[in-house]
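Peer 1: just the structure for this:
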Amino acid sequence: MEALTLKASKREILGKKTRFLRRQGVTPTHLFGRGLESLVLQCDTPKLQRTIARAGMTRIIALDVEGDKQPRNVFIREIQREPCSGELLHVDFYQVKKTEKIKADVPIVLIGESPAMKEKGRTISHSLTSLSVECLPDDLPPQIEVDLSPLEEVEQAIFVRDIVLSPEVTVMNEPDQMVVKVSEVRVEVEEVVEEEVEAEELEEGAEEGKEAGEKAEETPEEKSYPA
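Peer 2: Residues are numbered from 1 along each chain as shown. Here you go, the predicted structure:
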């Protein structure tokens, strides 16, 4: 797999003033790691966006920091965006050592087709969207593919124990945790309770009686007078 590289320079602008950087096409970034003094950096926004699209949060990036002799091996740890516009606001990088194991959540991607889905009225429930693993940085898979073709009947499921990874990768999830399942679509029909119908009829009858009484009060009574 092609190595990803990205350049970063030291950043002197901090706090609310970083909005001026963004206007110039520069994104504030932050580098940290175990036993490492954190660094405030900045990256060219278009290049950073392309790197994010390719690396996600599971591929090593060779971060070429201004003034360093060698690139640093980093993962993207956190991405902050403006909620409405999606504008890139800030990115955190986490530096790793290739000789030390790391823990990460790797996205699960469903592939193939389930024979059980050829019939109408069925649906696939994707219960687990990522797998927690531990391994060396170079052994970390960018994604975990789960093939749906073994699901031939309704109520069949694939569990964590069914996913086969390389021996170098340790899965942290419980083996019995369900990943995906084929289910029958159930159409719930609301049952009309007889008591509710009777109550409504009684209420309507009471209202009609009330209206009739009010009309009777409005009609003058006939009186007889002596001749």
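
Peer 1: okay, CA-based contacts and neighbour counts for the rest of this
Peer 2: Noted.

Peer 1: and the spatially most central residue of the chain, how far is that from Val180?
Peer 2: What sits nearest the mean C-alpha location of the chain, by Cα atoms, centre = their mean, is Thr129, with 8.0 Å. With distances taken as Cα to Cα, to the nearest Å, Thr129 is found 9 Å from Val180.

Peer 1: one more: Arg81?
Peer 2: For Arg81 relative to Val180 (Cα to Cα), the value is 30 Å.

Peer 1: burial count for Pro150?
Peer 2: Per other Cα atoms under 10 Å, the neighbour tally for Pro150 reads 14.

Peer 1: what about it, which helix or strand?
Peer 2: For Pro150, there is no enclosing helix or strand under DSSP states H and E.

Peer 1: identify the residue nearest it in space, chain neighbours excluded?
Peer 2: In space, and not counting its chain neighbours, Pro150 is closest to Ser114: 6.7 Å by Cα to Cα, 6 or more residues apart in numbering.

Peer 1: check Met117 too.
Peer 2: Met117's closest residue in space is Thr123 (Cα to Cα, 6+ apart), at 7.1 Å.

Peer 1: before we move on, the earlier item: pretty sure the residue nearest to the centre of the chain sits against Asp105.
Peer 2: No - contact criterion Cα atoms under 8 Å: Thr129 and Asp105 do not qualify, at 9.5 Å.

Peer 1: which other helices and strands does the host helix or strand of Asp105 contact?
Peer 2: For Asp105, the element it lies in under DSSP H and E is strand 102-111. Packing partners of strand 102-111 (3 or more Cα pairs under 8 Å, 6 or more residues apart in numbering; DSSP states H and E): strand 130-135, strand 144-147.

Peer 1: buried sites along the helix or strand just after it?
Peer 2: Sequence order places strand 122-126 as the next helix or strand after strand 102-111, per DSSP H and E. Neighbour-count burial for strand 122-126, counted by 16 or more other Cα atoms under 10 Å, picks out 122-124, 126.

Peer 1: what does strand 122-126 contact?
Peer 2: With Cα atoms under 8 Å, 6 or more residues apart in numbering as the contact definition, strand 122-126 has outside contacts at 116-117, 154, 179-185.

Peer 1: change it to 7 Å
Peer 2: 179-185 (Cα atoms under 7 Å, 6 or more residues apart in numbering).

Peer 1: spit out the contact partners of Lys103.
Peer 2: Contacts of Lys103 (Cα under 7 Å, 6+ apart): 133-135.

Peer 1: and the helices in this protein?
Peer 2: 18-23, 45-55, 194-218 (DSSP state H).

Peer 1: so which bits of the shortest one are buried?
Peer 2: Judged by neighbour count using 16+ other Cα under 10 Å, the buried positions of helix 18-23 are 18, 21-22.

Peer 1: helices or strands next to that helix in the packing?
Peer 2: If you count contacts as 3 or more Cα pairs under 7 Å, 6 or more residues apart in numbering; DSSP states H and E, helix 18-23 packs onto no helix or strand.

Peer 1: any idea of the mean pLDDT in that helix?
Peer 2: Mean pLDDT, computed over helix 18-23, is 90.

Peer 1: please save the CA atoms from it in PDB.
Peer 2: Below are the C-alpha coordinates for helix 18-23, written out as PDB (Å, rounded to 0.1, in the frame of the first residue of the first chain):
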ATOM      1  CA  THR A  18      -6.800  30.700  14.300                       C
ATOM      2  CA  ARG A  19      -9.800  31.700  12.300                       C
ATOM      3  CA  PHE A  20      -7.500  34.000  10.300                       C
ATOM      4  CA  LEU A  21      -5.500  30.900   9.400                       C
ATOM      5  CA  ARG A  22      -8.500  29.100   8.100                       C
ATOM      6  CA  ARG A  23      -9.400  32.100   5.800                       C
END
